[in-house]
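Peer 1: sequence and predicted structure are below.
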Amino acid sequence: MFAKINHVAMVSTNYAMLGKFYEVLFGMKTSPNTRPQSAVTVGDGYVGLNINPRRPGRAGGLDHFGVQVQDVETVFERMRQKYPQVKWLKRPGNRPFAGITTHDPDGNIFDLSQADMENRADVYTDEEWQQDRSISHFAVRTLHPEACAEFYCDVLDLQPANRQEGDGNHYVTDGRMTVVLMPWDITDYADTGISRSGPDHFAFKVESIDAFKEDMQAMIERNQNLTPPGVGIGPEGRARLELFAASTPYAQYHLSDLDNVMIAVGE
């Protein structure tokens, strides 16, 4: 496997409490080498979730995904040959997963690293484990989803995944984790607030939707500080939830985290 989709990142003013939310509800484990002054990092045994504190001028919410490859120079050469408009930037050494940040042809940012990269901090263990609830998808709404999917296959050796008939999304996968390239169309937001293109949501696979709902209710009853905001409330909220549900054939349940990042849940 040339590439592994190894992390998801978000930005929040409430980063410490968000880490607890994902620990309690999804069973994620905190990194043994955490950097509490900088971020909270939890993981599911395959994908790390890095929750960064929001700083002035930086947008909050879901931010990017990251990929670890066998050889970054191979990726660079592929981009030079076929996608010369794509650029990359070496990152500071305090980044837990990323040695490099780059983008796809639509400008959607993702991180790039390889295991032995010098400026990659060992914040999360490379040891893998299995658990019942794990991150399965990272979704981006973008103007040219098919072209972006082709880019990820060309450059990272990710593989296209099957789509259901009538599904406008494109999917690329490392065999376990999937990036969803969703079409962005401003007319989709006629009945709700307009969202710009870019990261839209991420998804978890769980052992049982019913068990997940029961655990969420138990979490709320035990600690109301972990209660997520309601979704689908009011006419605009209902329209947004309908769009979300229609765009996620891999999910049977939808919710928000404490900081309004949307989450799709499927079995």
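Peer 2: Right, received. Where do you want to start? Numbers count the residues shown, from 1 in each chain.

Peer 1: could you chop this protein up by domain?
Peer 2: Per automatic domain parsing, the domain ranges recorded for the chain read 3-113, 134-266.

Peer 1: ok, which of those comes nearest E128?
Peer 2: domain 3-113 (5.1 Å; C-beta to C-beta). Any C-beta I mention is one placed from the backbone N, CA and C, and that applies to glycine too.

Peer 1: model confidence over the closest one, on average?
Peer 2: For domain 3-113, the mean per-residue pLDDT is 91.

Peer 1: switch the domains of the chain over to JSON lines; also include mean neighbour count.
Peer 2: Putting the domains of the chain into JSON lines (neighbours: other C-beta atoms under 10 Å) gives the following:
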{"stretch": "domain 3-113", "mean neighbour count": "18"}
{"stretch": "domain 134-266", "mean neighbour count": "17"}
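
Peer 1: does the closest residue in space to L89 that isn't next to it in sequence sit in a helix or strand, and which one?
Peer 2: With sequence-adjacent residues excluded and distances taken as C-beta to C-beta, 6 or more residues apart in numbering, L89 is closest to T101, at 5.2 Å. Here T101, judged by DSSP states H and E, is contained in strand 100-103.

Peer 1: next: Y152.
Peer 2: Per DSSP H and E: helix 145-156 holds Y152.

Peer 1: if we can go back for a sec, what's the following helix or strand after the strand holding T101?
Peer 2: In N-to-C order, the element after strand 100-103 by DSSP H and E is strand 109-113.

Peer 1: give the other helices and strands that that following strand contacts.
Peer 2: strand 3-12, strand 61-69, helix 72-82, strand 100-103 (3 or more C-beta pairs under 8 Å, 6 or more residues apart in numbering; DSSP states H and E).

Peer 1: related to what we said a few turns ago, kindly reformat the domains of the chain as TSV containing distance to E128.
Peer 2: As requested, the domains of the chain are exported to TSV (distance: least, C-beta to C-beta, whole Å):
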stretch	distance to E128
domain 3-113	5
domain 134-266	10
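
Peer 1: and the contacts of stretch 153-167?
Peer 2: 2-3, 5, 67, 69, 75, 78-79, 82-83, 149, 152, 169-175, 178-179, 249 (C-beta atoms under 8 Å, 6 or more residues apart in numbering).

Peer 1: gap between the two ends of it?
Peer 2: 19 Å (C-alpha to C-alpha, to the nearest Å).

Peer 1: centre of the chain versus it, how much separation?
Peer 2: Stretch 153-167 has its C-alpha centroid displaced from the chain centroid by 17 Å (C-alpha atoms, centre = their mean, to the nearest Å).
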